[in-house]
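Enquirer: Can you look at this prediction? I've put the sequence above it.
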14 protein chains.
Amino acid sequence: MAAIDTIGTASIIISGLTIAIGSIGPAIGESWALSRALSAIAQQPDEANTITRTLFVGLAMIESTAIYCFVISIILIFSNPFWDYVTAMGG
Amino acid sequence: MAAIDTIGTASIIISGLTIAIGSIGPAIGESWALSRALSAIAQQPDEANTITRTLFVGLAMIESTAIYCFVISIILIFSNPFWDYVTAMGG
Amino acid sequence: MAAIDTIGTASIIISGLTIAIGSIGPAIGESWALSRALSAIAQQPDEANTITRTLFVGLAMIESTAIYCFVISIILIFSNPFWDYVTAMGG
Amino acid sequence: MAAIDTIGTASIIISGLTIAIGSIGPAIGESWALSRALSAIAQQPDEANTITRTLFVGLAMIESTAIYCFVISIILIFSNPFWDYVTAMGG
Amino acid sequence: MAAIDTIGTASIIISGLTIAIGSIGPAIGESWALSRALSAIAQQPDEANTITRTLFVGLAMIESTAIYCFVISIILIFSNPFWDYVTAMGG
Amino acid sequence: MAAIDTIGTASIIISGLTIAIGSIGPAIGESWALSRALSAIAQQPDEANTITRTLFVGLAMIESTAIYCFVISIILIFSNPFWDYVTAMGG
Amino acid sequence: MAAIDTIGTASIIISGLTIAIGSIGPAIGESWALSRALSAIAQQPDEANTITRTLFVGLAMIESTAIYCFVISIILIFSNPFWDYVTAMGG
Amino acid sequence: MAAIDTIGTASIIISGLTIAIGSIGPAIGESWALSRALSAIAQQPDEANTITRTLFVGLAMIESTAIYCFVISIILIFSNPFWDYVTAMGG
Amino acid sequence: MAAIDTIGTASIIISGLTIAIGSIGPAIGESWALSRALSAIAQQPDEANTITRTLFVGLAMIESTAIYCFVISIILIFSNPFWDYVTAMGG
Amino acid sequence: MAAIDTIGTASIIISGLTIAIGSIGPAIGESWALSRALSAIAQQPDEANTITRTLFVGLAMIESTAIYCFVISIILIFSNPFWDYVTAMGG
Amino acid sequence: MAAIDTIGTASIIISGLTIAIGSIGPAIGESWALSRALSAIAQQPDEANTITRTLFVGLAMIESTAIYCFVISIILIFSNPFWDYVTAMGG
Amino acid sequence: MAAIDTIGTASIIISGLTIAIGSIGPAIGESWALSRALSAIAQQPDEANTITRTLFVGLAMIESTAIYCFVISIILIFSNPFWDYVTAMGG
Amino acid sequence: MAAIDTIGTASIIISGLTIAIGSIGPAIGESWALSRALSAIAQQPDEANTITRTLFVGLAMIESTAIYCFVISIILIFSNPFWDYVTAMGG
Amino acid sequence: MAAIDTIGTASIIISGLTIAIGSIGPAIGESWALSRALSAIAQQPDEANTITRTLFVGLAMIESTAIYCFVISIILIFSNPFWDYVTAMGG
């Protein structure tokens, strides 16, 4: 039953690391964009609408990379083809 | 009973590291956005409402990546499909 | 009794590292926000109330990521399902 | 059945790491471009259209590198030629 | 008596590393906040009271993450449930 | 059948890492160029055409290094001479 | 007598590393605060008393994290419960 | 057939890493030069021709280092003298 | 005589590393404080006395962390309880 | 035939890494010089000739270090005295 | 004669690394203080005496950490109690 | 014939790494000096001769460290005394 | 003759690394002090004598840490007490 | 003949690494000093002689650390006492 061990262990390790590593970039990136947006609003209050709209479209785009990681992470936990094959083979 | 060892050990290690690593990005990111918001309020007190509103929407978005990590971490501890399978198989 | 060894050792190591690594981000992040708040107060004393209020709401949000780590750390020491299972199985 | 182990384990590990590592660059890059765009709009509101258009063309180009990684990651999980060969060989 | 070895060794290593790693963030963070507070006092002496009060509330909050680490460290040395179990089992 | 293992595993690992590592440089590089272009447009709107044209020629040149990596990555998955030789030899 | 080896070795290694790593943060942190205090005195000599008082209260707080590390280090050398148990057990 | 394994595995690993690592420098370098060129055009539009010409000569020189890496990478995959020798020797 | 080996080796390694690592922070920290003090004297010669006095009190505090490390290092070489126990036990 | 393995593997690994690592410095260095040259031209258009001439002499000098690496890399692949000796010895 | 090996090897390695690592901090620190002193003299020539005197007192304090390392290094080579014990025991 | 393996492998690895690592410093260093020289010419065109002359004398000095590395690298490949001894001894 | 191996190998490795690592700090430190001295002379030519004298006293102090490393390195090669003991013991 | 292997291999590895690592510091350091000298000449052409003279004295001092490394490197290749002893002993 060695395959259950290695496949399962690898799935657990990578599902966690994928979202952990993958959340660093977007979290920092979104905060940069957000903080620059706040400065821009403070500097040019009349353009607050344009700035906010551009900000949220951009944030959605950055968030998409976090969601790619979350999707891979959930796939590895709940619909992992390698694990399905191994458990179907009886290990 | 080797599978209990490796699956359990990996789950413990990754559940902890996921939230530990995953909290660095949001914690630093939120503090950047927050500190820039404070500067913006000091610079343009009249826009404090717009700035605060944009800040909290953005912080919620950044916090979401920390919550992704927390969710994966809790799943790995309390509803881990690999562990359930292994303990159901009697190890 | 190998499982007691590995499960127990992993729990100890990760409970410590989770809070150790997880406290770096919030500690540094809160200090950035705090130091920027102090500058903002010095620059715009009349807005001290708004700044302080926004600061403490933000700090609570940043502190939450440290608390996520502390929760996982305490769970791994005092109500660890993997350890409970292993000790219930007699090792 | 050693090949199932190593091929499967490597596929899981790399599919996760590829998107995790590959999302750092685009997430940070897009946020730089986005934050600079917000500054540019605040500085030159009359050019908001040109800036926004150039921004989104550029973001699509940066996003393309994240998509390369996502494509490789999905290929490694769902249409992996090495895994297909190994399972066809019966391990 | 292998369990005494591994559980004890891990407890010693982690109790030390937790406080060592966990003290870097707060020490550096508090010094940033403190140094910025000193600049703020030099810049706006009339607000020295507000600045000092906000500073100490914030420092207490940052210090809390160091104390989380110290608590885990002391628990691992003096009331470690894993060690208690192992010594109660006679090793 | 050891060669299938090592050759296949290495191909999977490297095909993923190549595009993951190779996408960091171009993603960050393109975002620098893009953000500087946006500043340049905001600063000198009359030169927007020259700037945009130079920008896209340059981006294509930077993108070329990402494409080199993608090409090597796809070659290693779908037309790998080492794998072809090994499977032709029957492992 | 393996337990004496591993427990003793781990105690020595960690007692040294704890104070070594734990002294980096406070040493650097205190010097930042101190250097900023000197600048503040040079800039606002009339506030030298307030600055110096705030400085020393803050330095004491930062020094406390170094003392946490020193305490753990001394405990591990001179009143180590794990070592006491092991030597009491005759190794 | 051990030589096929090690020679083939090393060729795959290095062919990928060479282009992956080797594309970081040129991608970042070209983007620096490009972004500075855009600033220069915005600052001195009359010299756009001289700047663009110098830029492209320089970019070609920087690109040459990426091409060195690509050449080595392709040689290692398709005309590798070590692999040719080993397969000619029958492994 | 394995215990003499491991205990002695660990003591040597850690006694050296403790002072080596522990001297980096204070050396760099003291030089920052010193260099800032020199700037402050150049900027405000009339306050040279106050600056110098605050400097030396602060330097003594920073030096204390180097001395903690030196103390642990000397203890590990010349009055090491673990070594004493092991040599008293005849190895 | 172990020598063929180790000598060949090392030659492949190092030939790739040499040019990969060795291209980072020149690529980044040349781009710095190039970007500074573009700024200099924008700032002092009348000296474009002197600047361009000095630039290209300098770039040739920097490129020389990349060429040293390329030469070593090609020597290790195509006229490697260690490999020649080993294959002449029949492995 | 294993103890001679390990104790001697560790002494050699650590005596070298202690002074090598321990010289980085003071060398860099002293150069910072020195370079700032030179700037201070250039800025305020009339205070050259005060600056130089404070500089040399401070340098002596920084140099002390290098000397701690040198002392430990020389002790480990020429009056190492562990080595003395081991050679006295005949290995 | 183990000595041929290890001596030869080490020579190949180090000959490549020496020039690869050794070219990073000079390549980056020369580009810094070159780019600063271009700025200096743009700022003070009348001193172009003095600047260029000082530049090339300095570049030759910096290049000398790259040449030290190249010399060691070539010695290790073509006139390696250790390899000569080993092959003379017949392995 | 194992002791000759390990003691000799360790001496070679550490003698080289000690001077290699130990030369980084002084080389960089001296260049900082030197470059700052040149700026100071350019800014305040009348103080060139004071600056140069302070510079050379300081450089000698920084150089001393490089010489500590060189001394240890030469001792380890030519008058190594551990090597003397081992060769005197006949290995 | 194991001693020839390990002593020879260590000598080769360290002779290369010593000069490779040891050339980074001086190369970067000299380029800093050189580039600052060029700026100083551009800023204060009348002091070109004093600046150039101080520069070359300083460069010679920095170069000395590179020469220490080169000397150790050449000693390890051509007059290595450990190698001489080992070959004299017949391995």
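Expert: Here it is on my side, so go on. Numbering: from 1, shown residues only, chains lettered A, B, ... in the order given.
Enquirer: Provide a list of residues in contact with residue A:41.
Expert: A:47-48, A:51-52, B:40, B:44, B:47, B:50-51, B:54, D:42 (C-beta atoms under 8 Å, 6 or more residues apart in numbering or on different chains). For every residue, glycine as well, the C-beta is placed using N, CA and C.
Enquirer: let's see it at 7 Å
Expert: For residue A:41, the contacting residues are A:48, A:51, B:40, B:47, B:50-51, B:54, by C-beta atoms under 7 Å, 6 or more residues apart in numbering or on different chains.
Enquirer: Count the residues that sit near the nearest residue to it once chain neighbours are set aside.
Expert: Distance criterion C-beta to C-beta, 6 or more residues apart in numbering or on different chains; nearest residue to residue A:41, sequence neighbours excluded, is residue A:48 at 5.1 Å. Residue A:48 has 18 neighbours, counted by other C-beta atoms under 10 Å in any protein chain shown.
Enquirer: so where does residue A:48 fall, helix or strand?
Expert: helix A:48-78 (DSSP states H and E).
Enquirer: what is the mean pLDDT for that helix?
Expert: The average of the pLDDT scores along helix A:48-78 is 91.
Enquirer: Repeat that for stretch A:24-38.
Expert: Averaging pLDDT along stretch A:24-38 yields 92.
Enquirer: how about the host helix or strand of residue A:33 as PDB, C-alpha atoms only?
Expert: Assigned by DSSP H and E, residue A:33 belongs to helix A:24-43. Taking Å, rounded to 0.1, in the frame of the first residue of the first chain, the C-alpha atoms of helix A:24-43 are listed here in PDB:
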ATOM      1  CA  ILE A  24       1.600  35.700  -1.100                       C
ATOM      2  CA  GLY A  25       1.800  37.300  -4.500                       C
ATOM      3  CA  PRO A  26      -1.900  38.400  -4.800                       C
ATOM      4  CA  ALA A  27      -2.000  39.500  -1.100                       C
ATOM      5  CA  ILE A  28       1.000  41.800  -1.500                       C
ATOM      6  CA  GLY A  29       0.100  42.800  -5.000                       C
ATOM      7  CA  GLU A  30      -3.500  43.800  -4.100                       C
ATOM      8  CA  SER A  31      -2.300  45.800  -1.200                       C
ATOM      9  CA  TRP A  32       0.200  47.700  -3.400                       C
ATOM     10  CA  ALA A  33      -2.500  48.600  -5.800                       C
ATOM     11  CA  LEU A  34      -5.000  49.400  -3.000                       C
ATOM     12  CA  SER A  35      -2.500  51.700  -1.200                       C
ATOM     13  CA  ARG A  36      -1.600  53.500  -4.400                       C
ATOM     14  CA  ALA A  37      -5.300  53.900  -5.200                       C
ATOM     15  CA  LEU A  38      -5.800  55.600  -1.800                       C
ATOM     16  CA  SER A  39      -2.900  57.900  -2.500                       C
ATOM     17  CA  ALA A  40      -4.400  58.700  -5.900                       C
ATOM     18  CA  ILE A  41      -7.800  59.500  -4.300                       C
ATOM     19  CA  ALA A  42      -6.200  61.800  -1.700                       C
ATOM     20  CA  GLN A  43      -4.200  63.500  -4.500                       C
END
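Enquirer: Now do the residue in chain A positioned nearest to chain H against chain G, distance only.
Expert: Nearest residue of chain A to chain H: residue A:25, at 16.4 Å (C-beta to the nearest C-beta). Distance check for residue A:25 against chain G: by C-beta to the nearest C-beta, to the nearest Å, it reads 26 Å.
Enquirer: okay, now that residue: neighbour count?
Expert: 29.
Enquirer: need the contact list for it.
Expert: By C-beta under 7 Å, 6+ apart, the contact set of residue A:25 is A:65, D:23-24, D:27-28.
Enquirer: Residue A:44 now?
Expert: Residues near residue A:44 by C-beta under 7 Å, 6+ apart: D:42, D:45.
Enquirer: So the spatially most central residue of chain A versus chain J, what's the distance?
Expert: Centroid-nearest residue in chain A: residue A:66, 2.1 Å away (criterion: C-alpha atoms, centre = their mean). Using C-beta to the nearest C-beta, residue A:66 is found at 29 Å from chain J.
Enquirer: check contacts around that residue.
Expert: So residue A:66 contacts A:22-23, A:26, B:65, B:68 (C-beta under 7 Å, 6+ apart).
Enquirer: Which residue is the nearest non-sequential neighbour of it?
Expert: residue A:26 (4.0 Å).
Enquirer: was I right about the one you found contacting residue A:61?
Expert: No. Contact criterion C-beta atoms under 7 Å: residue A:26 and residue A:61 do not qualify, at 10.1 Å.
Enquirer: what sits against residue A:75?
Expert: Residue A:75 touches residue D:77, counting by C-beta under 7 Å, 6+ apart.
Enquirer: What separation do you get for it and residue K:56?
Expert: Residue A:75 is 65 Å from residue K:56, where distance means C-beta to C-beta, to the nearest Å.
Enquirer: sec struct for the residue of chain A most remote from its centre, please.
Expert: Using C-alpha atoms, centre = their mean, the residue of chain A lying farthest from its centre is residue A:46. It sits 33.8 Å away. At residue A:46 the chain is in helix, as set by DSSP: H, G, I helix; E, B strand; the rest coil.
Enquirer: which residue packs closest to it, ignoring adjacent ones?
Expert: Distances taken as C-beta to C-beta, 6+ apart put residue D:45 closest to residue A:46, at 7.4 Å, once the chain neighbours are dropped.
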